[in-house]
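Participant: Would you be able to build a 3D model of this:
(one chain, ligands or ions: 1)
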Amino acid sequence: MPPALPDLTGDVVDLTAAICDIPSVSDDERALADAVEASLRPVGHLEVLRDGDALVARTDLGRPRRVIIAGHIDTVPVAGNLPTWRASAEDGTDELWGRGTVDMKGGVAVALHLAARLAAPRWDVTWVFYDHEEVAAEANGLGRLARHHPDWLAGDLALLGEPTGGGIEGGCNGTLRADVVATGRTAHSARAWRGVNAVHAAGEILDRLRSYRPREVEVDGLSYREGMNAVRITGGIASNMIPDRCVVTVNYRFAPSLSPSDAEAHVRELFDGFEVEVTDLAGGARPGLEDPLAAEFVAAVTAETGAEPVAKQGWTDVARFAELGVPAVNFGPGDPLLAHADDERCPVRQIRSCAAALEAWLT
Ligand SMILES: N[C@@H](CCC[C@H](NC(=O)CCC(=O)O)C(=O)O)C(=O)O
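Facilitator: Here you go, the predicted structure:
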């Protein structure tokens with residue numbers, strides 16, 4: 001028996017906590033996918049489909065438009081921050097703490113809650129809950145759905161419940177991961193003059209990263225911040241040997257005005273003289289807020305919040321929808337600055353306000 005979720009139509013904050021409390025680090029989403037499926041199957045107005053650990057639930061009311069509301073169910077690794085806990089203070093702050101509260105089980109809870117509540121939305125709705133977003137692009141569950149069942153992802157607008165602090169974040173940066181390799185020659189560390197130390201040679205890679213000045217690029221009115229960072233370094237196989245190989249893994253976040261191949265060329269140029277192996281590459285997406293249905297949604301949210309759209313700095317599946325020709329926008333609870341942080345936490349009023357805004361727009 002999968003762990004059960006509470007009644008989907010009940011309190012959306014309790015639902016968020018319950019979803020977070022079923023850990024689902026990428027590659028280990030089965031229990032949560034099973035729980036989501038068990039909750040959606042009895043909802044009479046939805047057709048429920050499954051591929052691996054991705055679930056699609058959709059209405060078929062013959063409406064002239066179809067909106068896709070999508071969210072990934074996986075998280076980055078837990079850091080002693082589950083089960084969730086609630087912290088409220090005298091100043092009125094009331095927050096749900098724990099892994100996934102921001103990225104992005106608040107958004108998943110909002111979607112599940114409304115999937116069950118809205119039997120007659122004004123547009124047909126396809127609700128998508130998918131696996132493997134936080135890892136290499138080739139494993140992404142939405143990508144698998146697009147390959148196996150492209151018809152399941154047909155629609156006129158996609159809303160991704162990624163954290164946006166309850167406002168709108170347009171488009172997304174692209175992301176590239178590459179192994180930059182410094183090489184040398186092994187020797188006994190007592191006779192180091194016989195070898196060439198690859199870890200020392202990697203100092204040049206780190207120097208180039210230290211002096212790199214990332215750009216801030218305006219794309220269709222939104223400002224995307226690029227980044228070029230070492231995210232891992234490995235080298236050496238024994239503590240009495242001169243290492244002959246040192247690998248610096250670099251993550252390049254690039255503006256959506258740059259194509260994936262331009263991004264790759266930029267990284268190869270920066271690390272000219274070193275072996276560069278690109279291990280993951282996903283292009284970004286321009287904001288696309290001029291699409292009429294997207295603009296209507298954005299206007300409804302900004303009227304409610306008073307906050308103008310800003311750029312999504314992380315990578316999200318708006319990029320995949322853009323590739324599929326479906327305009328897409330990020331909208332969900334949680335401060336994106338707290339995504340992947342050990343002190344990840346989400347104001348409960350934001351979970352409620354996102355649910356209310358989406359429900360108002362859909363009805
Ligand atoms: N294939 C990519 C996937 C990484 C996706 C991840 N997205 C977020 O954290 C969105 C939340 C946000 O920034 O608001 C990311 O950008 O790392 C990869 O493996 O890098």
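Participant: drop to CA atoms for contacts and neighbour counts, all remaining ones
Facilitator: OK.
Participant: Give me the pLDDT for the most centrally placed residue in the chain.
Facilitator: In the chain, the residue lying closest to the centroid (Cα atoms, centre = their mean) is Thr316, at 4.6 Å. What the model reports as pLDDT for Thr316 is 98.
Participant: can you check Leu159 too?
Facilitator: 98.
Participant: Do the one helix or strand it maps to and the ligand come into contact?
Facilitator: Applying DSSP states H and E as the criterion places Leu159 in strand 157-160. No. Using Cα under 6 Å from any ligand atom, strand 157-160 stays clear of the ligand, coming no nearer than 10.1 Å.
Participant: does any bit of the helix or strand just after that strand sit next to the ligand?
Facilitator: Sequence-wise, the next helix or strand downstream of strand 157-160 (DSSP H and E) is strand 169-170. No. For a cut-off given as Cα under 6 Å from any ligand atom, strand 169-170 has no contacts with the ligand; the smallest distance is 8.6 Å.
Participant: Can you give the distance from the next helix-or-strand element following strand 169-170 to the centre of its chain?
Facilitator: Heading C-terminal from strand 169-170, the first helix or strand you meet, by DSSP H and E, is strand 174-183. Mean-position distance between strand 174-183 and its chain equals 21 Å (Cα atoms, centre = their mean, to the nearest Å).
Participant: For the helix or strand following strand 174-183, enumerate the helices and strands it packs against.
Facilitator: Per DSSP H and E, the first helix or strand lying C-terminal to strand 174-183 is helix 198-201. Packed against helix 198-201, as judged by 3 or more Cα pairs under 8 Å, 6 or more residues apart in numbering; DSSP states H and E, are the following elements: strand 174-183, strand 245-254.
Participant: Output the last one as CSV, restricted to C-alpha atoms.
Facilitator: Translated: strand 245-254. C-alpha atoms of strand 245-254 as CSV (Å, rounded to 0.1, in the frame of the first residue of the first chain):
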residue,chain,number,x,y,z
ARG,A,245,44.0,13.5,-13.7
CYS,A,246,41.9,16.2,-12.1
VAL,A,247,38.3,16.9,-13.2
VAL,A,248,36.7,20.2,-12.5
THR,A,249,32.9,20.0,-13.1
VAL,A,250,31.7,23.4,-14.3
ASN,A,251,28.1,24.6,-14.5
TYR,A,252,27.4,27.4,-16.9
ARG,A,253,24.0,29.1,-16.6
PHE,A,254,23.4,31.0,-19.8
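Participant: now the helices and strands packed on helix 198-201 in TSV, with mean neighbour count?
Facilitator: What follows is these, written out as TSV (neighbours: other Cα atoms under 10 Å):
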stretch	mean neighbour count
strand 174-183	23
strand 245-254	24
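Participant: Tabulate those (TSV), appending mean pLDDT.
Facilitator: Formatted as TSV, these follow (pLDDT from 0 to 100):
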stretch	mean pLDDT
strand 174-183	98
strand 245-254	98
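Participant: Including distance to the ligand, could those go into CSV?
Facilitator: Below are the helices and strands packed on helix 198-201 laid out as CSV (distance: least, Cα to the nearest ligand atom, whole Å):
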stretch, distance to the ligand
strand 174-183, 6
strand 245-254, 8
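Participant: want to throw these into JSON lines with distance to Trp127?
Facilitator: Conversion of the helices and strands packed on helix 198-201 to JSON lines gives the following (distance: least, Cα to Cα, whole Å):
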{"stretch": "strand 174-183", "distance to Trp127": "25"}
{"stretch": "strand 245-254", "distance to Trp127": "29"}
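Participant: From Ile242, how far out is Phe288?
Facilitator: Not Phe; residue 288 is Gly. When distance is defined by Cα to Cα, to the nearest Å, Gly288 is 52 Å away from Ile242.
Participant: quick check, distance from the helix or strand harbouring Glu264 to the centre of its chain.
Facilitator: Element membership for Glu264 (DSSP H and E) is helix 260-270. Taking Cα atoms, centre = their mean, one finds helix 260-270 lying 23 Å from the centre of the chain it belongs to.
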